[in-house]
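Novice: Okay, structure incoming, though there's no sequence with it:
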């Protein structure tokens, strides 16, 4: 017998056999091993923050220490199936024990406010470069072409000289009654990766709210979600894997510059996207497990297989649940979030959900998250090979996406579930969070 979960137009099955494990997952007092690991986390975070300058801590804010360990990656045969409508879900992940080195992970998804800092930096760096080409006083060091960022505060204040020089950054296709607007296609972030020059448009695709939901009236979301300060603490969406990677590069540069005077200056590390193994390990958060317990694992970032807690409240922000007979068992809004909810609940009065045992919020639902990995499968089962071939055909140049979103059903929120999504394709369902190595 199976519990059927319809995810938008898709049908994914989750065996009720797993329900027999429910009683094995109980909320107990922390064990000796759990207390030891929690002390290690607290001690490491305290040392790390002490080693950073005040400016660097602003970029490190919200990072949580994830201790090294091992876990069983993947899921058992039969835990997850899919049909032809599941155009992003990858099957065939053979369970295997995997070790993970210690790392830091952001406790929340990158927010609109955080990503907007990146966009504004790109905008202002282009503006200062254009002004410096006309007036060398905008260089802090004219010989090295180093921009004077102290003059950033002079920008975008209606200076006629600035407006003339910066005209190339403005769009000509906007009605005069609405004023001049920045040309987002000109706001590109350039860097070098593996010896090759990379140039990426920084601004997210705000029209995904309309493109992804053609029958919904989402124009207000397209207009306000990224730009309005009311959504500052909400997860950024509409960013490709390439844009997420570019953000990591930018944040790394800013962090290294700010931390240069800190005591840890000789061991500075970089922000990056998590690997699939890092993401799954952090999501499971099986704190304090001893070796003989590792074969007994969670399937969600919480104990048990129920999407509700003991009081009946939903544990995550996710999509509809529709039974095989067409009966709707759960609507989007019933969990408290019709769209994404705030990614920074400690600073928000809006709907929040409990973090997992590592203190990470929304590792299931809210927005699915980019990882650095390219999908691969180990299985040779004909039906699985055929399904995955269909998914990869629909998603060229794929990257693995984890966690499910506000629009997906419970099967997509399984820690072991993985989606394949083209790295140059934005979505209203996908955001990201950052990690940083310890050594």
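Specialist: Received it, and whenever you're ready, just let me know what you need. These numbers were taken from a predicted model, which means no experiment stands behind them.
Novice: Need the contact partners of the helix or strand hosting residue 400.
Specialist: Taking DSSP states H and E as the criterion, residue 400 maps to strand 398-402. For strand 398-402, contacts defined as CB atoms under 8 Å, 6 or more residues apart in numbering pick out 88, 90, 241, 276, 279-280, 283, 368-375, 392, 415, 417-423, 430. (Each C-beta comes from the backbone N, C-alpha and C, glycine too.)
Novice: Check stretch 340-360 too.
Specialist: 41, 62, 64, 66, 105, 107-111, 233-235, 237, 282-287, 301-302, 309, 314-317, 336-337, 361-363, 365-367, 405-406, 431.
Novice: Tell me, please, where in the chain the pLDDT is lower than the cut-off.
Specialist: Scanning the chain for pLDDT under 70 picks out 1-30, 76-87, 92, 172-181, 261-268, 288-296, 346-351, 377-383, 393, 439.
Novice: give me that answer again for 50
Specialist: The model of the chain has pLDDT under 50 over residues 1-27, 174-179, 265-266, 295.
Novice: Can you flag the buried ones in the contacts of stretch 340-360?
Specialist: 41, 62, 64, 66, 105, 107-111, 233-235, 237, 282-287, 301-302, 314-317, 337, 361-363, 365-367, 405-406, 431 (16 or more other CB atoms under 10 Å).
Novice: Just the ones of those residues in strands?
Specialist: 64, 66, 105, 431 (DSSP state E).
Novice: and these as CSV, adding distance to residue 200?
Specialist: Shown next, in CSV, are those (distance: CB to CB, whole Å):
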residue, distance to residue 200
64, 27
66, 28
105, 23
431, 16
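Novice: which of these sit farthest apart?
Specialist: 66 and 431 (19.3 Å; CB to CB).
Novice: what's next to stretch 128-147, contact-wise?
Specialist: 125, 148, 149, 150, 151, 152, 155, 162, 165, 166, 168, 169.
Novice: and it, how far out from the chain's middle?
Specialist: From the chain centre to the centre of stretch 128-147 is a distance of 36 Å (CA atoms, centre = their mean, to the nearest Å).
Novice: And that stretch, what's buried?
Specialist: 128, 130, 131, 132, 138, 139, 147.
Novice: which one among these gets closest to residue 47?
Specialist: The nearest member of those to residue 47, counting by CB to CB, is residue 147 at 34.4 Å.
Novice: For the stretch 301-439 of the chain, which segments count as strands?
Specialist: With DSSP state E, counting those that start in this stretch, the ranges of strands along the stretch 301-439 of the chain come out as 321-322, 328-330, 368-370, 398-402, 418-422, 430-431, 435-437.
Novice: Of those, which stretch is the most buried?
Specialist: strand 430-431 (a mean of 28; mean count of other CB atoms under 10 Å).
Novice: Now, the contacts of stretch 340-360 that are in helices?
Specialist: Mapping these onto helices (DSSP state H) picks out 41, 282, 283, 284.
Novice: with the residues you listed in mind, which one is nearest to residue 326?
Specialist: residue 283 (31.5 Å).
Novice: gap between residue 416 and residue 73?
Specialist: 7 Å (CB to CB, to the nearest Å).
Novice: ditto for residue 96
Specialist: 6 Å.
Novice: and those two? which has more neighbours close in?
Specialist: Counted by other CB atoms under 10 Å, residue 96 and residue 73 do not tie: residue 73 has more neighbours, with 20 against 10.
Novice: List the contacts of the closest residue to residue 367 other than its chain neighbours.
Specialist: Counting by CB to CB, 6 or more residues apart in numbering, residue 367 lies nearest to residue 431, which is 3.8 Å off, once chain neighbours are set aside. Applying CB under 8 Å, 6+ apart, we find residue 431 in contact with 109, 110, 235, 236, 237, 239, 340, 343, 367, 368, 369, 370.
Novice: Compile those residues into CSV and extend it with columns for distance to residue 191.
Specialist: Shown next, in CSV, are the contacts of residue 431 (distance: CB to CB, whole Å):
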residue, distance to residue 191
109, 23
110, 18
235, 24
236, 19
237, 23
239, 16
340, 28
343, 25
367, 25
368, 25
369, 22
370, 18
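Novice: Which member of those residues is positioned nearest residue 52?
Specialist: Of the contacts of residue 431, the one sitting nearest to residue 52 (CB to CB) turns out to be residue 110, at 19.4 Å.
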